[in-house]
Every structure is written in C-alpha cells, then in structure tokens.
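A.B. asks: coordinates only, sequence not included:
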C-alpha cells in the first residue's frame, strides 16, 4: 500500500474495461437494440436458427433471442451489482468494526464469519432464498423471488468482504498516519472513514471486480437449476436453463446465453487481474 | 496426532448440531407444507398424512424426534419418494456423488498443480501465458455451458462417450471433466502464484548455492512449500465440488446427492433437504480436519494440539 506507483492496466485490463462498457451499454439499452420486445411471442417463427431478422434466432415461443439476451444482461447485472453492493456495505461495517475494535469482540465476530464461510455458497444461497421468499410479505409477488435472490447472494458473500476488510484494517490501524490522526484527537469513526478507508480502497476494488462475476455465476447457477430467478424475468441463467432443455435439436438456444455469461466473466476477471497487478506493491 | 484428530472430530459434533438445528428451524419457518398441492386434499386425509409424518406435533417435539433419529442413523421418511427413508436414499446417492467427486478431485489436482507449476517455471513466457489464459477461460465457463458443450460434442455428434445417465464406468468421464474444470483453473492460478512466492526465497537460493540439483530444489524446496497454499484451498475446493454437483448431476441426469438436494428443495421434502445438508456439513468438518493434519505433515513448524492461538 505504501508504494503509490500506479502501473498500467495492460492490454487485457483495458480490453476487459472495453467489454464491460459495451455490456453495460447493452444492459441499459435493453431490448430496444434488436427491434423486438423480449417477451413478444411469434408462434409462426418459433425455434428458428440465426437469420437476418432474428440474428440469434428465436426460442420455443418464437421470442427473439437477441432481445432476451439484452434483457438478461439487464437482469443479471442488476442482481449481481445490487447483491455485491449490499455485501460490500455489510462487509465494510462488520469487518471494519471487528478489525478496528479488536479484542474479544473481534474473536466472536470472526467465529461467526468462519462458520458462514465454511458452508458452500450455493447451498447457503438456496436455503436463504427459500426462507426469504416466504418471509418477504411486503414485496409484490412479481418481485419477491428477485429480491430474495439478491438478498440471498448478498448474505452469502458478505463474509468474504468482511474477512478482507478486517485484515486490511488490522494492518492499517498500526500505520503512522493513523497514529498521527489519533494523536491529533480524531474519533474512532472519523479515523475509520477518513484515514483508513481511503487507504484500503485499492484491495477492496480488486475484490469487487471478482465478487461481481462470482455473483453473476452464482445467480445463473441457481437459476439454471430452477431455484433462482423465475420467469417472466429472463436472467442469463433462466435463458440457459430454457436453452438446455431444447439443446439437442436447437443448440443455439444454449450457445448464445453461454457465450454471454462466459464473455462477461472473462471481462471481469481480466479487469480484476489487471487491477490487482497494477495496485500490488511488488 | 491421533489424540488431536479424535478431539477435532469431537469438536465437529456441536458444529453438526448447530447446522442441523438451523436447517431444521429454517425449513419449519417457511410457510407451505410438503403436501400443499394444486389439488387440495380433503381435511381428513390431510390430517392422516400429517399424523403419519408427525407434522401435527409441536415443533419442539418434532425437533427432538429428529435429533433422536440422527443419533440412531434414522433421518426420517422422505415426503416425496413414498416408502423410502432418507437414509436409504442417501445410501444410494452418496456413492454416486463420491465417485464423481473423487474423479473430479483427482483431475483438478493433477491438471491444476502441474499447469501451475509449468507456468511458474516458465514465468512470463509463452507457455505461462497460454496456461494463464486457459485458466481464466476455465473460470469463466459456467459448468452448465461446458457440460452442454461436452454432451453435444463428445456425446451426440462424435458419439464417443455417454451423454448422460449413470451406466458403466465411461459415464463418469464427461461429468467429472465438467465438474473439475473450474477448480482446476483456481488450483493452477493458486499453485503458480505460490510457487512464484517461494521461488525467490532465501532458503531456495541457499539450496541452489549448496549445489543441490535443480530437480531436487524444485521437488523438495519449492513444490513442498507451494503445496501448503494448495492444501489450505482444500476446504473451498470440496465446497466447490459439492455444490458443483448440483448442476453437473442435473446436466448429466446422474442420480447423486446434488440432484436429490435440488429436487428435494423444490418438493419441500424437508427430511431429505436436512439429510443432504447434514452430510455436506459432516464432509466439510472432516475435510477441514484433513487439511490441518496434512498441513502439519507438510510443514513441520506446526505442532498440533499445543498452544492453540
């Protein structure tokens, strides 16, 4: 953290950024980029392969696959970014307090993290989502599963953030500048937010660039096995699940959602690797 | 060592109890019972069914009944697969998942460690870059996409290997590769970076200066230390293989624990969900113990059972 030399992101890092900008543009534009609404059915043109009209073909109900993928980008990214943001918030507060206050509290808080951390992510996500889905009575039916999936993803991944933040805070609170601030009479909360947080932002940024693709993958995985996002919302996992059912005769239905997920994860990993290399002091 | 292992196994018991309790509580809190269907049952029949499965008892009573059952190896009847016990179902499904999981474990360790080693030794050169790209690709490809690709390619178009189901020894090949791909990629990256951490250490330079052969330096000084990092990854690795089986067993229509877990959640087959979760938790307790023991064996500086910080 001391060597403030910022190195270049390299070709792959910039390529990742470029791909992600493109992806977010598609997600914002949604199905308007392909000229078909993502949920309009056309029974006469069901299960067509790629063509000039439908350049990724159509699904079993004659819906334009390109439009559905664009809509899927929107759903998958919203779910991943929202759940990661919540996990970040919980992790920052929890890990920050645990690391800064230390002592017995730290021991107890970290035991909890250890237990949650040792359980498999997907198992946890499925169980939490089932629970939340029935508990969220204030949320309209249509959005209930969506919200439950977002929260389940957040509640299973905050521990990784909390661990990292705690370690970083433990390190940073011994640094001279923190000592100086403390000597100057700054309160603990002010030191945490104004002194420590900006100095540990780098590694946290790197983690985020790995947490978001992990969330995309986890969401598409639980949606694929039918325990995640439900129609009418069309996340990439939902599309892959639909496509898998018809894979033998119509491989394009699994091919395009698969490529979308893989390329997105690749872009995030390239960016994450580049950020880590650029920010590491070695 | 043996005392330590026994002690740690005993310590796993409360962990399992906590997992069982939380899962039990979670499942009972969820409204909607296993016998809610589109077609509602007549009240008398519903009462009979609930009495049969003790669902009419107070929750505390059900909980004690369940814990008592665990002690005697009886995980209760399945709500969905009528006439079958959860213990029976798990006894059938566990070996299947075990076989698939161990094959995937072997593949991912073999390819992961050797790819990571090969990359680190040729740091920054072409083989390292190619392997690095492959690893990122392996992490990026969701298992259902890879599995679908393998089924289409090798199962249907070429017809070399079974495209699914669990019949004959060849049917383990494609699912095991699918399950192993992502862990192998992680292990490769981990091995590479930990070898690079070790390779510049003083003790490695000293060994070389003493005139120890390069092969011996790599095997005894570099690899052994680098493997420590891989060993700590064993817990997450096992978790990855367990939950990876949810998808892979669905994709290849394999009757393993992952598949039963997913259908059990959908069917609200609570005893089966609980049973699978318990087995997973037990596996993780055992895996963490194995990691600690392995760690002590690989790193003689660690003495087990003494002054635990």
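C.D. replies: Yes, it's here. Everything numeric in this text was worked out from a predicted model, so none of it was measured.

A.B. asks: okay, CA-based contacts and neighbour counts for the rest of this
C.D. replies: Will do.

A.B. asks: near chain B, which residues of the stretch 51-200 of chain A? Just list them.
C.D. replies: A:118-123, A:127, A:130-131, A:134-135 (CA under 8 Å from any CA of the partner chain).

A.B. asks: now name the helix or strand holding the residue of the stretch 151-300 of chain B found nearest chain A.
C.D. replies: In the stretch 151-300 of chain B, no residue comes nearer to chain A than residue B:239, which is 4.9 Å away by CA to the nearest CA. Assessed by DSSP states H and E, residue B:239 sits inside helix B:234-251.

A.B. asks: the inter-axis angle of the following helix or strand past that helix versus helix B:234-251?
C.D. replies: Downstream of helix B:234-251, the next assigned helix or strand under DSSP H and E is helix B:257-267. When axes from the mean of the first three to the mean of the last three CA atoms, to 10 degrees is applied, the directions of helix B:257-267 and helix B:234-251 differ by 70 degrees.

A.B. asks: so where do the helices sit in chain B?
C.D. replies: B:2-29, B:43-52, B:59-71, B:86-121, B:126-140, B:143-150, B:173-199, B:202-209, B:214-216, B:224-232, B:234-251, B:257-267, B:270-298 (DSSP state H).

A.B. asks: dump those to TSV, plus mean neighbour count and mean pLDDT.
C.D. replies: Shown next, in TSV, are the helices of chain B (neighbours: other CA atoms under 10 Å in any protein chain shown; pLDDT from 0 to 100):
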stretch	mean neighbour count	mean pLDDT
helix B:2-29	15	79
helix B:43-52	12	78
helix B:59-71	14	83
helix B:86-121	20	91
helix B:126-140	18	88
helix B:143-150	23	91
helix B:173-199	24	90
helix B:202-209	14	85
helix B:214-216	11	83
helix B:224-232	18	81
helix B:234-251	23	87
helix B:257-267	21	88
helix B:270-298	20	84
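
A.B. asks: what parts of chain B come near chain A?
C.D. replies: With CA under 8 Å from any CA as the criterion, chain B meets chain A at residues B:26-27, B:29-31, B:136-137, B:140-142, B:144-145, B:148, B:152, B:235-236, B:239-240, B:242-243, B:246-247, B:250, B:262, B:266, B:281, B:284.

A.B. asks: next, residue B:53: phi, psi?
C.D. replies: Dihedral pair for residue B:53: phi -100, psi 10, per degrees, to the nearest 10.

A.B. asks: what about it, how many neighbours?
C.D. replies: Using other CA atoms under 10 Å in any protein chain shown, residue B:53 is surrounded by 14 other residues.

A.B. asks: what are the bridge partners for the nearest residue to it once chain neighbours are set aside, then?
C.D. replies: Nearest residue to residue B:53 in three dimensions, chain neighbours excluded: residue B:77, at 7.8 Å (CA to CA, 6 or more residues apart in numbering or on different chains). Following DSSP bridges, residue B:77 is listed with bridge partners residue B:85.

A.B. asks: still on that earlier bit, now for the helix holding residue B:239, which elements pack on it?
C.D. replies: If contacts are counted by 3 or more CA pairs under 8 Å, 6 or more residues apart in numbering or on different chains; DSSP states H and E, helix B:234-251 sits against helix A:121-135, helix B:86-121, helix B:143-150, helix B:173-199, helix B:257-267, helix B:270-298.

A.B. asks: domain assignment for chain B?
C.D. replies: Here chain B is described, according to automatic domain parsing, as comprising the domains B:1-86+B:267-285, B:94-255.

A.B. asks: which one, of those domains, ends up nearest to residue A:203?
C.D. replies: Closest approach to residue A:203 among the domains of chain B is made by domain B:94-255 (17.1 Å; CA to CA).

A.B. asks: rewinding a little: can I get the helices of chain B in TSV including distance to residue A:77?
C.D. replies: Below are these laid out as TSV (distance: least, CA to CA, whole Å):
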stretch	distance to residue A:77
helix B:2-29	29
helix B:43-52	43
helix B:59-71	40
helix B:86-121	30
helix B:126-140	16
helix B:143-150	19
helix B:173-199	22
helix B:202-209	46
helix B:214-216	48
helix B:224-232	32
helix B:234-251	21
helix B:257-267	25
helix B:270-298	30
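
A.B. asks: quick one: closest of those helices to residue A:50.
C.D. replies: Per CA to CA, nearest to residue A:50 of the helices of chain B: helix B:143-150, 18.5 Å.

A.B. asks: and the nearest residue to residue A:122 once chain neighbours are set aside, how close does it get to residue B:20?
C.D. replies: Excluding its sequence neighbours, the residue lying closest to residue A:122 (CA to CA, 6+ apart) is residue B:243, at 6.1 Å. To residue B:20, residue B:243 is 18 Å away according to CA to CA, to the nearest Å.

A.B. asks: and if you look at residue A:34?
C.D. replies: 50 Å.

A.B. asks: now for stretch A:32-41, what's the gap between its first and last residues?
C.D. replies: One end of stretch A:32-41 sits 16 Å from the other (CA to CA).

A.B. asks: residues in contact with that stretch?
C.D. replies: A:26, A:31, A:61-68, A:71 (CA atoms under 8 Å, 6 or more residues apart in numbering or on different chains).

A.B. asks: show me which pair in those residues is furthest apart.
C.D. replies: Most distant of the contacts of stretch A:32-41, by CA to CA, are A:26 and A:61, 23.1 Å apart.

A.B. asks: the more surrounded of the two?
C.D. replies: Shown here are residue A:26 and residue A:61; by other CA under 10 Å, residue A:26 has more neighbours (19 against 15).

A.B. asks: list the contacts of that one.
C.D. replies: A:33, A:70, A:73-74.

A.B. asks: okay, it: pLDDT?
C.D. replies: For residue A:26, the model assigns a pLDDT of 87.

A.B. asks: with the one 10 residues further on instead?
C.D. replies: As predicted, residue A:36 sits at a pLDDT of 79.

A.B. asks: is it in a helix, a strand, or coil?
C.D. replies: Following DSSP: H, G, I helix; E, B strand; the rest coil, we place residue A:36 in the coil state.

A.B. asks: could you do the one 5 residues further on as well?
C.D. replies: Here residue A:41 is recorded as coil under three-state DSSP.

A.B. asks: ok, it to residue A:114 distance?
C.D. replies: For residue A:41, the distance to residue A:114 (CA to CA) stands at 48 Å.

A.B. asks: can you give me the buried ones in stretch A:96-113?
C.D. replies: A:96-100, A:106, A:109-110, A:113 (16 or more other CA atoms under 10 Å in any protein chain shown).
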